[in-house]
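Enquirer: This is a predicted model, with the sequence first.
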Amino acid sequence: MYHGDSGVRQLWELACSKLNSFLNPVTYEQIAHNIIPLRLEDKNIHLGISDSFFGDWLNDNFGTDISNALKDINGVSYSFVFEEGHRPEEFENAEPDTGAAEAHVEAVIKPLIPRGCNAQHTFDNFAVGEENRYSYTAARTAAESPGLYNPLYIYGGTGLGKTHLLQAVAHHVLSHNPKSVVKYVTCEEFLNRYVGSIKNQKMGEFRDSFRGVDVFLVDDVHFLSTKTQLQEEFFNTFNTLHNYNKQIIMTSDKQPAEIHGLEERLVSRFESGLTTEIFPPGFETRLAILQLVQEKHLIKIDEAVLRFVAARISSSVRRLIGSLTRLVAYASVSNCQITERLAEDLLRPLFEEEQSSKNITIDAIQKAVSDHFELSRNDILSSQRPKNMVEPRMLAMYLCRELTNHSFPEIGQAFHKNHATVMNAVKKIPGLCLKDEKLRRSAEIIKRRLRSN
């Protein structure tokens, strides 16, 4: 299981024996299994991990435990350094298992489709961008190492890919371990089954069906709002699974604390694990989504048309994919090539819906940003470079690109800048928002204010 020379392996094994005494057995196994001792340099032990996301989580939650485990080993204390890009080779020295090979072939021929899941909702079919990368990585990690982030709570607006990620976890777990018991339900379905079990006096059967699973995936958990009895049942189910370290993943359109009528004890449980947010996709991600979806169609739409559509539809991934489906269907029936002008005619109702939901001007955005950050409009338009002006100015440019149909040159002209400056702002802001919670919150508040006017 471990890489590197025998000396560093022995050192890490001694540290693990101490680490095992600090942690509960399940947590220890999941952590130790995913850390690989690589080499020793002076008093620094280099530990291989899968990615920076896992490293940050380890540092935040178990960094002190790992440091303590490396203290005073044979009279020497060591520090640790994480290196990304390493995964455990679980079956490195295993003898070939012909039965398992045959089962694998059968699984390839007859893939398992989780109940209630769309066959297309896999990780391979999910377009990853800066706006959803954090949630994607968390979901993928939860699928590969169930129980590591528990619970995982993903929230964001409608049509941004939350359900896709949830079902991708189900597909991944079952494809790698067909014997796993994976349960995917919407919260409304959970309610309907609960009511039906009461009516038919089958509460025991209902509870067994949900509490005997390995992975529990619940969509739209905000549906629990104000439903007292349902919350009680969900609370008990959650506790049973969590106590056995079974993976729980939930999605919602709100953070737990923002769900009206959700009991405090559930808010506390939901927030006890990892919470991530999916943001509306930027232009590059929307284009990537269209390119990915059209790979499964025999009829291909020109890249210029895809860019045209990606620039016009920004509020919902679902609406974006629907627009492509409409174009492909028309091209198939009419046996013609889709041009931008034809796409404009075919998708006019969608474009009009999109525009009516965000009839926002550059002036309105500049004013909203300057008001929020307590700056003057001249500060936003100036060339001064202090941080308290630079980030709001970049955010304003980003929102102009995100919430209007203006081009980069048009936005640049409105800010007295060239189009390259606007492009740079649009590229940087999503990453800055992921690192800076305050800036991200500001962006969301300004968007809501603009859309409500």
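Expert: Noted; the coordinates are in hand. Residues are numbered from 1 along each chain as shown.
Enquirer: Quick check: can you list the domain ranges of this protein?
Expert: Per the record, the chain has its domains at 6-83, 133-278, 283-356, 362-452, by automatic domain parsing.
Enquirer: so where do the strands sit in the protein?
Expert: Assigned by DSSP state E, the strands in the chain fall at 36-41, 44-48, 79-83, 152-156, 182-186, 215-219, 247-252, 274-278.
Enquirer: Could you point out which of those sits nearest Ile445?
Expert: With C-beta to C-beta as the criterion, Ile445 lies closest to strand 274-278 of those, at 13.9 Å. C-betas here are computed from N, CA, C, even on glycine.
Enquirer: Paired strands for the closest one, with orientation please.
Expert: strand 152-156 (parallel) (DSSP bridges).
Enquirer: for the partner strand, the distance to its chain's centre please.
Expert: Centroid separation for strand 152-156 versus its chain: 7 Å, with C-alpha atoms, centre = their mean, to the nearest Å.
Enquirer: For His313, give me its contacts.
Expert: In this structure residue 313 is Ile, not His. Contacts for Ile313 were tallied using C-beta atoms under 8 Å, 6 or more residues apart in numbering; they are 286, 319-320, 323, 347, 350-351, 354.
Enquirer: Could you turn the buried ones of those residues into a PyMOL selection?
Expert: Selecting only the buried entries of these in PyMOL, with 16 or more other C-beta atoms under 10 Å as the criterion:
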select buried, resi 286+319+320+323+347+350+351+354
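Enquirer: any idea which of the contacts of Ile313 is closest to Met397?
Expert: The shortest separation between Met397 and any of the contacts of Ile313 is 17.9 Å, and it belongs to Arg286 (by C-beta to C-beta).
Enquirer: Leaving out chain neighbours, which residue sits closest to that closest one?
Expert: Distance criterion C-beta to C-beta, 6 or more residues apart in numbering; nearest residue to Arg286, sequence neighbours excluded, is Ala310 at 4.1 Å.
Enquirer: If you tally nearby residues, what's the number for the one you found?
Expert: Counted by other C-beta atoms under 10 Å, the residues lying close to Ala310 total 23.
Enquirer: Using TSV, please lay out the strands of the chain together with distance to Asn378.
Expert: Formatted as TSV, the entries for the strands of the chain read as follows, by distance: least, C-beta to C-beta, whole Å:
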stretch	distance to Asn378
strand 36-41	54
strand 44-48	51
strand 79-83	46
strand 152-156	35
strand 182-186	50
strand 215-219	47
strand 247-252	41
strand 274-278	33
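Enquirer: Let me have those in TSV, extended by mean pLDDT.
Expert: Converted to TSV, the strands of the chain look like this (pLDDT from 0 to 100):
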stretch	mean pLDDT
strand 36-41	88
strand 44-48	89
strand 79-83	90
strand 152-156	93
strand 182-186	94
strand 215-219	96
strand 247-252	96
strand 274-278	91
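Enquirer: before we move on, back to that, wait, the residue nearest to Arg286 touches Val317, no?
Expert: No - using C-beta atoms under 8 Å, Ala310 is not in contact with Val317; the gap is 11.1 Å.
Enquirer: what do these two both touch?
Expert: Shared between the contact lists of Ala310 and Val317 (criterion: C-beta under 8 Å, 6+ apart) are residues 286, 289.
Enquirer: Just the residues contacting stretch 141-152, thanks.
Expert: Contacts with stretch 141-152, where a contact means C-beta under 8 Å, 6+ apart, come from 26, 30, 33-34, 50, 53-54, 57, 123, 138-139, 168-169, 172-173, 214-215, 238, 242, 245-250, 269-270, 272-274, 276.
Enquirer: my read: Glu83 touches Arg39, true?
Expert: No - the criterion here is C-beta under 8 Å, and Glu83 misses it with Arg39 at 9.3 Å.
Enquirer: and for these two, which residues touch both?
Expert: Common neighbours of Glu83 and Arg39, using C-beta under 8 Å, 6+ apart, are His46.
Enquirer: Have a look at those two and say which one is more surrounded.
Expert: The residue with more neighbours, out of Glu83 and Arg39, is Arg39; 16 against 13, by other C-beta under 10 Å.
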